[in-house]
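A.B. asks: prediction below, plus the sequence it came from.
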Amino acid sequence: MLDKKFIRENPDQVRETFQKRGLAPDLEAFLSLEAKRLVLLQEVENLRARQNQASEEIGRGKREGRKPDPELTAGLRAASEQIKADQNSLAELEKESDRLILTFPNLPHASVPPGLDARDNPEVRRIGEPRKFSFPPRPHWEVGEKLGLIDLERAARISGSSFPLFTGLGARLERALIQFMLDLHTGEHGYREIAPPLLVNAETMTGTGQLPKFAAELYRVEDPELYLIPTAEVPLVNLHREEILKMEDLPISLAAYTPCFRREAGAHGRDTRGLIRQHQFDKVELVKFTTPESSYAELEKLVGHAEEVLKRLSLPYRVICLCTGDMGFASAKTYDLEVWLPGEGEYREISSCSNCETFQARRANIRFRSAEQAKPAFVHTLNGSGLAVGRTLVAVLENFQEEDGSVTIPEALRKYMGGLEKITA
RNA sequence: GGAGAGGUGGCCGAGUGGCCGAAGGCAAGCGCCUGCUAAGCGUUUGUCCUGGGAGACUGGGACCGUGGGUUCGAAUCCCACCCUCUCCGCCA
C-alpha cells in the first residue's frame, strides 16, 4: 500500500509511475474522494471539539454540586446526533478510499529498467555453461516417468490436472532438495527456519497484497473463511504483523519450506505438460525484514543466496532484472533467476527475488524503532524463492539425464539420497 | 465440543460513568553523583489521523481485544463477536 498523504501531495508523480508500470488504477476517483473526506473530517473534528468542551463543563459543574442546564443538554443531544450521522458518512468515504488504495501497485525503484513486458527485461549475468549433449535431451516428464519418479496421470485421477505426484526415488529426490536448500540457508546464510501455517485468514492475505486484488488466484476454504497460501512469503511476512521491531534485531532473515497452492486461473493452456506449472508445488522461501537504508544491499545478498543453490547443483542459469512493465504488484524491484532446461532449450524462472520496500509493511503495519526516542518507521520487506523445489527437480532431471535414460545425482544432493549416485530404471 | 477465568501503554499491573491517554512498577533515554562494576538521586519516554509553521514546535481529533448500543459524557454500563489461559472430553 502506498502512503495516502504521499499520493495526495504527489499526484502527478504517482500517475506517471502507474503509466510506466502499464497499469491505470483509478487514481482520479481516489483523489476526489480524499478531498471530500478531509473536508468532512475537519467538520466532524470541530464538532467533536465543541462537544468535548461542553461535556467537560458539565462534569466540572456536577463535581461542584450544580445541576446541568436541561436546555444545554438538549442542544448537546442534537449535536451528538449530528456527529453520529457525519461520522457514518465519513466512514463510508474512508471505506471507499481504502478499497481503492488497496488496488494500487507499488512504485518501482529508480534503478528499475523501463519496459513494457518480459521481452524488455535485461539480463544481469549468466552463470554456467549449458551442457553439450551427444543425444537429443528429453523433457523432464519423459525422463521422470520412465524412471518411475513422477506419475502425473494418477495425480490427475486423484485431484485433477496439474497436481504433482512423486513416487519412489522421485519423492526422495524432492525431499532431498528441500533438505539441501534449508540446510544451506539456515546453516550458511544465517536464516532462521520457520514452519508456518498453510491456511491463513483474509487479513494475512491482505497484508502481503494477495487480497483483495488477486482473490481469483487463491484456493479458499468456506467455513471458517481461510485461504491456502500461494507462497510461504505470506505467513512469513505476516509473522511480524502489527509489531514494532527493535532496530538491533534487523535484518531479520527467515527461511521456510512449504507447499504452495495456486489456482493459476489465468494460465489456461500454458505449460500443460510436466511439472513446470502446478496447482500445488513445494518451495523454500526466503524473507527479510530490513531498515530502508540497507534493503537494496540485502536484496543483492538474497539473490546471491538463491543463486548459491543453483551453483552447488551445477545448474546453469541467468539473472534478469524485471522491467517496470513486468514487475509484480507489491514489488519495487525484482530479480528473477532462470535455470537452463535442455529438454525445452530455454531458460525458465526458478526464483523471483523482490524488495517490496514499505508496500507490505504499511499494509501489515510492521515497523521498527531506530533510536529509543525516534518515531517508529515502516520496515522494508524482501522475499525470494530459494528455490522452487519442483522446478529444481525438473532442472536436475533435464540437465543430468544420460543417453540410457538414467539420471546422475548432483554431488551436493548425494548425502541426502543415502549416497546414491545415479537413478536407473 | 463442555465449564470457568481473562484481554489496559515496550513489558507487568491499577483503574466500575466526568478531575483518565490512563496510578504504580519494570525497561529505556538524559542529567547529577560515584576509583571500576553496581547502587542512588532528579527528570523524560505511547500510537495513529488532521491543521498551522521553513523548523524547534504547536492547535484539534481518535485509540484501553473488535464491532455496535445507552449517555451531554464510556477503559468503566449493555449486546454481539474474536482471541488467550485453566480444567474436562475427543483426537493426529
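C.D. replies: Now that the structure is in, tell me what you want to look at. Numbers count the residues shown, from 1 in each chain, chains lettered A, B, ... in the order given.
A.B. asks: around RNA strand B, which positions in chain A sit nearby?
C.D. replies: A:4-5, A:38, A:41-42, A:44-46, A:48-49, A:51-56, A:58-60, A:62-63, A:68, A:73, A:76-77, A:80, A:84, A:91, A:244, A:367, A:372-373, A:375-376 (Cβ under 7 Å from any atom of the strand). For the C-beta atoms, the positions are set from N, CA and C on the backbone; glycine is no exception.
A.B. asks: which of those fall in strands?
C.D. replies: A:I244, A:R367 (DSSP state E).
A.B. asks: any of the residues of chain A next to RNA strand B buried? List them.
C.D. replies: Neighbour-count burial (16 or more other Cβ atoms under 10 Å) is assigned, among these, to A:V44, A:A54, A:I58, A:L76, A:R367.
A.B. asks: tell me the contacts of the third one?
C.D. replies: Going by Cβ atoms under 8 Å, 6 or more residues apart in numbering, A:I58 touches A:P68, A:L72, A:T73.
A.B. asks: and the nearest residue to A:I158 once chain neighbours are set aside, how many residues sit next to it?
C.D. replies: Once flanking residues are discounted, A:I158 sits nearest to A:L165: 7.2 Å by Cβ to Cβ, 6 or more residues apart in numbering. By the criterion of other Cβ atoms under 10 Å, A:L165 has 19 neighbours.
A.B. asks: A:L165 contacts A:R157, correct?
C.D. replies: No. The pair A:L165 / A:R157 is not scored as a contact, 9.5 Å apart, by Cβ atoms under 8 Å.
A.B. asks: domain map for chain A?
C.D. replies: The record's domain split for chain A, according to automatic domain parsing, is A:4-101, A:118-423.
A.B. asks: mind giving me a markdown table with those domains and columns for mean pLDDT?
C.D. replies: Listed next are those as a markdown table, based on pLDDT from 0 to 100:
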| stretch | mean pLDDT |
| --- | --- |
| domain A:4-101 | 90 |
| domain A:118-423 | 94 |
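A.B. asks: pick the most deeply packed of those.
C.D. replies: By mean neighbour count, with neighbours taken as mean count of other Cβ atoms under 10 Å, domain A:118-423 ranks first of those at a mean of 19.
A.B. asks: which SS state does A:L420 fall under?
C.D. replies: Using DSSP: H, G, I helix; E, B strand; the rest coil, the structure places A:L420 in coil.
A.B. asks: from A:L393, how far off is A:A91?
C.D. replies: Plainly put, A:A91 is 51 Å away from A:L393 if you go by Cβ to Cβ, to the nearest Å.
A.B. asks: sorry, that was for A:N10
C.D. replies: Separation of A:N10 from A:L393 (Cβ to Cβ): 46 Å.
A.B. asks: now do A:R131
C.D. replies: According to Cβ to Cβ, A:R131 stands 17 Å off from A:L393.
A.B. asks: now A:R263
C.D. replies: 22 Å.
A.B. asks: inside helices: which ones of the buried ones among the residues of chain A next to RNA strand B?
C.D. replies: Judged by DSSP state H, helices contain the following of these: A:V44, A:A54, A:I58, A:L76.
A.B. asks: how far is whichever strand or helix holds A:V303 from where the chain is centred?
C.D. replies: According to DSSP states H and E, A:V303 maps onto helix A:295-312. The chain centroid and the centroid of helix A:295-312 are separated by 17 Å under Cα atoms, centre = their mean, to the nearest Å.
A.B. asks: elements contacting the helix or strand following it?
C.D. replies: Remark: after helix A:295-312, the chain's next helix or strand is strand A:317-321, criterion DSSP H and E. Applying 3 or more Cβ pairs under 8 Å, 6 or more residues apart in numbering; DSSP states H and E, one finds that strand A:317-321 makes contact with strand A:123-127, helix A:295-312, strand A:333-341, strand A:346-355.
A.B. asks: what strands line up against strand A:317-321, and which way round?
C.D. replies: Strand A:317-321 has these partner strands in its sheet, going by DSSP bridges: strand A:123-127 (antiparallel), strand A:333-341 (antiparallel).
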